[in-house]
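Undergrad: Provide a 3D model corresponding to the input given below.
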Amino acid sequence: MSAINTGLQTAQYFTVGAMAVAIFDYCLTITQEVQLIWGRKWNVMRVTFTLARYVTFIGAAMTTFAAVADRSKYTSCSTFNSVSSASHMISIIAAEGLLIFRTFAFWQQSKKVLVWLLLLAAICIAGSVGVTKAVNSLNHPAPGANTTGCVFESGNTSAIQYGFLILFELVLIILNVYKRFHFYQDSRSRLVAILYRDGLVYMTCIIIASVANIFIDVFAPAAYTNIMDGPQLVIHGVLASRILFNLRESRESESAIIGRIIPLAHIHHTPSPSTTSGESTLINIQHNDHRAKDPC
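TA: As a prediction, the model looks like this:
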């Protein structure tokens, strides 16, 4: 078996495996979605979740089809590839949107933080698309190269997009770590712990997957370039959905948490059974708390 066939087959295995993970995770979490999401008001949070949850399946299905189907008889696959790329971008942007909402909540709904994050996200999206197009315009296909777009491989310009994604994730990590140790240092809130833990795990996984994608795009042969395409998409969709499920479940278990976007303002915790009568587990997170001034 030639190196090209080995690379394409390996990419197929990874892509089909990612699709299987997405379906398996959906079967595991559909009950949570029904209980925690369905029947709720259609607001920005729910729309973002729905895009991250279901457009992921569209993108993963199209990528799986491109990986396993024999498309050698087609003269051009540019339209299919454009729709597939758009579904990938929408899904990842929506998943990152859930992370922005989560960081917004962790920073006590600071509008200044929200504006800066949205601005940074817009810059990263525009930068990744613009730089990629500029580089592609300078690269000319080699003589004899397949230009139909029907071969399951991509150029190394994808590394540019993943680089911008890593930049955005690093900014989110810095914001969350800073807030955790300068604001919630003494907090024993389960909700705060879940916000911090899930966000850190999610962003670390995304960075690892993005670094792997960059390494493959830059150093691996062209046949291997799509190995992490499907997995990266599924990681975004699965983890973003689970973050929201965990937050909703935690909120349901809390005694008095107001708001439908999981705000952290005015969170009161009832004493747990393990506390003594002299201990108080009441935590009042307010903007006017002298111990918890928001630097923004």
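Undergrad: going forward, measure contacts and count neighbours with C-alpha atoms only.
TA: Fine.
Undergrad: got the buried residues for the host helix or strand of Thr10?
TA: Using DSSP states H and E, Thr10 sits in helix 3-36. For helix 3-36, burial by neighbour count (16 or more other CA atoms under 10 Å) applies to 7-9, 11-16, 18-19, 21-22, 25-26, 32-33, 36.
Undergrad: likewise stretch 73-83?
TA: Cys77, Asn81.
Undergrad: same question for stretch 151-168.
TA: Across stretch 151-168, burial judged by 16+ other CA under 10 Å covers 151-153, 156-166, 168.
Undergrad: so for the residues you listed, which is the shakiest by pLDDT?
TA: Within those, pLDDT reaches its minimum at Asn156, with 71.
Undergrad: ok, that one - contacts?
TA: By CA atoms under 8 Å, 6 or more residues apart in numbering, Asn156 lies in contact with Asp217, Val218, Thr225.
Undergrad: so it, which state does it fall into?
TA: Classification of Asn156 by DSSP: H, G, I helix; E, B strand; the rest coil places it in coil.
Undergrad: how far away is it from Asp198?
TA: The gap separating Asn156 from Asp198 is 31 Å, by CA to CA, to the nearest Å.
Undergrad: kindly report the same for Asn139.
TA: Separation of Asn139 from Asp198 (CA to CA) stands at 40 Å.
Undergrad: so those two - more neighbours on which side?
TA: When Asn139 and Asp198 are compared for neighbours, Asp198 comes out ahead with 20 against 11, by other CA atoms under 10 Å.
Undergrad: excluding its backbone neighbours, what's nearest the more buried one?
TA: In space, and not counting its chain neighbours, Asp198 is closest to Ile243: 6.1 Å by CA to CA, 6 or more residues apart in numbering.
Undergrad: now the one you found: which helix or strand?
TA: Ile243 belongs to helix 229-253 when assigned by DSSP H and E.
Undergrad: same question, Arg71
TA: Going by DSSP H and E, Arg71 is not in any helix or strand.
Undergrad: what's the closest non-adjacent residue to it?
TA: The spatially closest residue to Arg71, leaving aside those adjacent along the chain, is Cys150, at 5.8 Å (CA to CA, 6+ apart).
Undergrad: settle this for me: the one you found is touching Phe80, isn't it.
TA: No. Using CA atoms under 8 Å, Cys150 makes no contact with Phe80, being 9.1 Å away.
Undergrad: now do the helices in this structure.
TA: Here the chain has its helices, by DSSP state H, at 3-36, 44-50, 56-68, 78-106, 111-138, 158-182, 190-219, 229-253.
Undergrad: got the contact list for the residue nearest to Arg71?
TA: Neighbouring residues of Cys150 by CA under 8 Å, 6+ apart: Ala66, Arg71, Ser72, Tyr74, Ser76, Cys77, Ser78.
Undergrad: what's the answer for Val129, then?
TA: Taking CA under 8 Å, 6+ apart, we find Val129 in contact with Gln161.
Undergrad: any idea how far Ala122 is from it?
TA: Plainly put, Val129 is 11 Å away from Ala122 if you go by CA to CA.
Undergrad: do the same with Asn156
TA: Between Asn156 and Ala122 the computed distance is 23 Å (CA to CA).
Undergrad: then Val151?
TA: For Val151, the distance to Ala122 - CA to CA - is 31 Å.
Undergrad: likewise for Lys179?
TA: Applying CA to CA to Lys179 and Ala122 gives a distance of 23 Å.
Undergrad: these two: which has the busier surroundings?
TA: Neighbour totals were compared for Lys179 and Ala122, and Lys179 leads with 19 against 12 (other CA under 10 Å).
Undergrad: what comes up buried for the helix holding Ile243?
TA: Counting neighbours by 16+ other CA under 10 Å, helix 229-253 gives 229-248, 250-251 as buried.
Undergrad: output the contacting helices and strands for that helix.
TA: helix 3-36, helix 56-68, helix 78-106, helix 190-219 (3 or more CA pairs under 8 Å, 6 or more residues apart in numbering; DSSP states H and E).
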